[in-house]
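Student: sequence first, predicted model second:
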Amino acid sequence: MSLSFVIIGGGPAGVSAATNAARLGAEVTLIERDVLGGAANLWDCIPSKAMIVTGGELNQIRSSAGMGLESMDPHVDIDALRSRISVMTAKLADSNRRLLESQNVNLVSGTGRLVDDHTVVATTASGEQTFSADAILVSTGSRPRIPDWCSPDGDRVLTTRDAYPPQSMPEHLIVVGSGVTGVEFVHMFSSFGSKVTLIVSRQQVLPTKDPEVAAALESDFLRRGVQLYKGARAVGLERTEASGVLLRCDDGRTAEGSHILLAIGSQPNSEGLGLAEAGVQMDGPWVKSLDHHLRSNIAHIYVAGDLSGKLPLASVASMQGRKIAEHVMGLHKVDHKHIDYEKAASAIFTEPEIADVGLAEADAFAEGRKVRVTKVPFGSQAKALINNDPRGFVKIISDPATGVVLGGSIVGRHAAELISVLALAVTNSLTVSDIAESLFVHPALSEALAEAAE
């Protein structure tokens with residue numbers, strides 16, 4: 001008799017766990033209330049990146065004079081953009097469905113909850129279904145965090161999920177939050193022609209990133225005319241008579257605009273899941289003390305994705321799902337690697353793009369570690385000049401004694417693609433010599449990686 005595996009939540013973690021466990025012989029049931037592929041992925045990540053690409057194309061066309069073309073000034077068609085995003089996310093959701101069905105995964109449209117540590121009940125449109133499980137995965141994602149000083153209305157006061165795209169294009173958008181999501185929205189809407197004010201609670205955007213990386217992005221924002229309120233924390237919001245919004249900050253400054261967008265993080269969807277009733281130990285909205293296999297204190301109940309409290313990246317969630325499936329099916333008893341979250345590559349889809357992996361220069365110095373830092377600007381690369389975009393640089397952090405690549409940052413066009421080279425090096429303990437002695441294409445932006453590795 002095959003092992004019964006019930007998964008609550010069909011985001012990147014749930015879909016990956018379901019397909020891998022089914023392939024390995026488990027009897028899998030996947031319960032999802034919204035969209036296969038994950039609300040955070042298909043309602044947040046994918047639409048935002050689609051809008052960013054559209055904004056990038058607008059900027060490219062506007063700068064066409066630098067490419068030897070006649071200058072143009074196009075404008076966004078918001079209805080066409082909305083239709084493009086809808087078609088794209090529907091295709092991706094359908095692709096996930098077809099993949100799961102091909103693996104004979106039992107798909108249940110509804111809301112799942114644990115009634116004990118081996119029983120899951122799904123509430124569907126036609127009633128309740130009960131499933132007995134040898135193993136359970138809870139991967140229910142997250143939702144935008146809402147501060148107590150405002151109430152989003154989907155019109156002028158927006159969460160991230162109200163903005164793909166919004167009902168009307170903002171004339172002046174105030175973005176609260178200068179982390180990854182916030183800066184992507186700044187890039188997006190400034191590309192569309194909106195005036196943008198960014199509320200930065202600390203003294204630099206992207207406070208957890210390399211200061212040199214953050215400075216490059218700030219410079220581009222200022223060039224675009226973005227207004228930065230540094231060291232300001234939002235504390236209050238009012239609607240104005242002119243059909244706009246007025247934001248108050250804790251230092252007395254105010255910002256007035258047509259719309260406000262909240263980009264201050266997310267909170268896990270842990271309510272109503274029956275976790276505590278099943279004996280799972282909680283720490284507020286989070287599951288407490290997951291082990292390397294992402295097991296809770298109940299050995300056969302696993303947690304993945306945003307609810308795990310690990311890096312909130314779709315790539316990480318997908319890998320978690322795969323590792324959980326392997327553990328459920330006993331593959332950890334042979335060759336099984338734990339996830340090293342410090343070696344996960346991440347990207348920020350601003351313009352220029354930003355990507356990093358592994359050890360950061362500032363962290364190395366803060367820890368007193370001796371490292372070798374090499375940096376090559378894209379302005380010295382033929383392909384960057386061909387692209388008419390010399391912004392940014394490649395920075396590699398390595399061990400001065402062994403040459404092993406410890407980390408790196410890239411700012412510039414296609415940084416999200418180029419970081420894969422450094423991610424592979426960091427994950428497999430390759431050396432700078434391994435990169436420098438590789439024969440890269442010419443002309444290509446990747447040549448900057450080889451030069452930085454010399």
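Tutor: Perfect, I can see it now. Every value quoted in this text rests on a predicted model; they were computed, and no experiment measured them.
Student: in terms of helices and strands, where is Ile260?
Tutor: Assigned by DSSP states H and E, Ile260 belongs to strand 259-262.
Student: beyond that strand, next helix or strand please.
Tutor: Sequence order places strand 266-268 as the next helix or strand after strand 259-262, per DSSP H and E.
Student: quick check: next helix or strand after that next one?
Tutor: Criterion used, DSSP H and E; the element after strand 266-268 is strand 282-283.
Student: packing partners for the next helix or strand after that next one?
Tutor: Using DSSP H and E, the helix or strand that follows strand 282-283 towards the C-terminus is strand 286-287. For strand 286-287, there is no helix or strand it packs on, judged by 3 or more CB pairs under 8 Å, 6 or more residues apart in numbering; DSSP states H and E. Where C-beta positions appear, they are placed from N, C-alpha and C, glycine not excepted.
Student: mind listing what strand 286-287 pairs with, with the direction of each?
Tutor: strand 282-283 (antiparallel) (DSSP bridges).
Student: which ones are touching Asp73?
Tutor: Contacts for Asp73 (CB atoms under 8 Å, 6 or more residues apart in numbering) come out as Arg62.
Student: and for Pro390?
Tutor: Contacts for Pro390 (CB under 8 Å, 6+ apart) come out as 377-379, 381, 384.
Student: of those, which is the nearest to Arg391?
Tutor: Phe378 (6.6 Å; CB to CB).
Student: now that closest one: how far from Ala452?
Tutor: 11 Å (CB to CB, to the nearest Å).
Student: identify the contacts common to the two.
Tutor: Once CB under 8 Å, 6+ apart is applied, the residues that Phe378 and Ala452 both contact turn out to be Val394.
Student: domains in the chain, by residue range?
Tutor: What automatic domain parsing lists as the domains of the chain is 4-143+268-333, 157-264, 352-453.
Student: export those as CSV, with columns for mean pLDDT and distance to Lys343.
Tutor: Formatted as CSV, the domains of the chain follow (pLDDT from 0 to 100; distance: least, CB to CB, whole Å):
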stretch, mean pLDDT, distance to Lys343
domain 4-143+268-333, 94, 11
domain 157-264, 95, 16
domain 352-453, 96, 5
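Student: report the beta-bridge partners for Gly407.
Tutor: Going by DSSP bridges, Gly407 forms beta bridges with Gly358, Ile397.
Student: could I get the contacting residues of Val280?
Tutor: 114, 117, 287, 296-298, 301 are the contacts of Val280 under CB under 8 Å, 6+ apart.
Student: ok, so of those, who is nearest Ala276?
Tutor: Checking those against Ala276 by CB to CB gives Leu114 as the nearest, at 9.3 Å.
Student: show the contacting residues for the closest one.
Tutor: 8, 120-121, 136, 138, 273-275, 277-278, 280, 301.
Student: next, give phi and psi for Glu353.
Tutor: With angles defined as degrees, to the nearest 10, Glu353 sits at phi -70, psi 160.
Student: what's the local residue count around it?
Tutor: Neighbours of Glu353 under the rule other CB atoms under 10 Å: 24.
Student: that one against Ser409, yeah?
Tutor: No - shown here, Glu353 and Ser409 do not form a contact pair, counting by CB atoms under 8 Å, at 11.2 Å.
Student: thinking again about what came up before, now render the domains of the chain as TSV, adding distance to Glu342.
Tutor: Putting the domains of the chain into TSV (distance: least, CB to CB, whole Å) gives the following:
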stretch	distance to Glu342
domain 4-143+268-333	9
domain 157-264	13
domain 352-453	7
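Student: in the chain, which residue is closest to the centre?
Tutor: Residue closest to the mean C-alpha point of the chain, counted by CA atoms, centre = their mean, is Leu313 at 4.6 Å.
Student: for Ala444, grab phi and psi.
Tutor: According to degrees, to the nearest 10, Ala444 has phi -160, psi 150.
Student: my read: it touches Ile386, true?
Tutor: No - here Ala444 does not reach Ile386: they are 10.0 Å apart, not a contact under CB under 8 Å.
Student: more neighbours, those two?
Tutor: Ala444 (17 against 12).
Student: helix or strand: which one has the residue lying closest to that one once chain neighbours are set aside?
Tutor: Nearest-residue entry for Ala444: Lys383, 5.3 Å, with adjacent residues in sequence omitted and distances by CB to CB, 6 or more residues apart in numbering. In this structure, Lys383 sits in helix 382-386 according to DSSP H and E.
Student: doesn't Arg253 make contact with Ala234?
Tutor: No - Ala234 lies out of contact with Arg253 (CB under 8 Å); the separation is 10.1 Å.
Student: so those two - more neighbours on which side?
Tutor: Taking other CB under 10 Å, Ala234 and Arg253 do not tie; Ala234 has more neighbours (22 against 12).
Student: so how far is Ala263 from that one?
Tutor: In terms of CB to CB, Ala234 sits 11 Å off from Ala263.
Student: where do the contact lists of those two overlap?
Tutor: Shared contacts of Ala234 and Ala263, counting by CB under 8 Å, 6+ apart, come down to Val176.
Student: for this protein, which helix is longest?
Tutor: Counting residues, the longest helix found in the chain (DSSP state H) is helix 78-102.
Student: for that one, packing partners?
Tutor: Using 3+ CB pairs under 8 Å, 6+ apart: helix 78-102 touches helix 12-23, helix 46-62, strand 106-109.
Student: how far out from the middle of the chain is the second one?
Tutor: In this view, helix 46-62 has its centroid 17 Å away from the chain centroid, taken as CA atoms, centre = their mean, to the nearest Å.
Student: over to the first one?
Tutor: Centroid separation between helix 12-23 and its chain, computed with CA atoms, centre = their mean, is 20 Å.
Student: now it - C-alpha only, CSV.
Tutor: C-alpha atoms of helix 12-23 as CSV (Å, rounded to 0.1, in the frame of the first residue of the first chain):
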residue,chain,number,x,y,z
PRO,A,12,5.7,26.6,-5.5
ALA,A,13,6.4,24.4,-2.5
GLY,A,14,3.2,22.4,-2.7
VAL,A,15,3.3,21.8,-6.4
SER,A,16,7.0,20.7,-6.2
ALA,A,17,6.3,18.4,-3.3
ALA,A,18,3.3,16.9,-5.0
THR,A,19,4.9,16.2,-8.3
ASN,A,20,8.1,14.8,-6.7
ALA,A,21,6.3,12.6,-4.2
ALA,A,22,3.9,11.3,-6.8
ARG,A,23,6.8,10.5,-9.1
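Student: buried sites along that helix?
Tutor: 12-22 (16 or more other CB atoms under 10 Å).
Student: just after it, pick out the following helix or strand.
Tutor: strand 27-32.
Student: now that following strand against helix 78-102, angle please.
Tutor: 160 degrees (axes from the mean of the first three to the mean of the last three CA atoms, to 10 degrees).
Student: what's the angle between strand 27-32 and helix 12-23?
Tutor: 160 degrees.
Student: helices or strands next to strand 27-32 in the packing?
Tutor: Against strand 27-32 (3+ CB pairs under 8 Å, 6+ apart) you get strand 4-8, helix 12-23, strand 106-109, strand 119-124.
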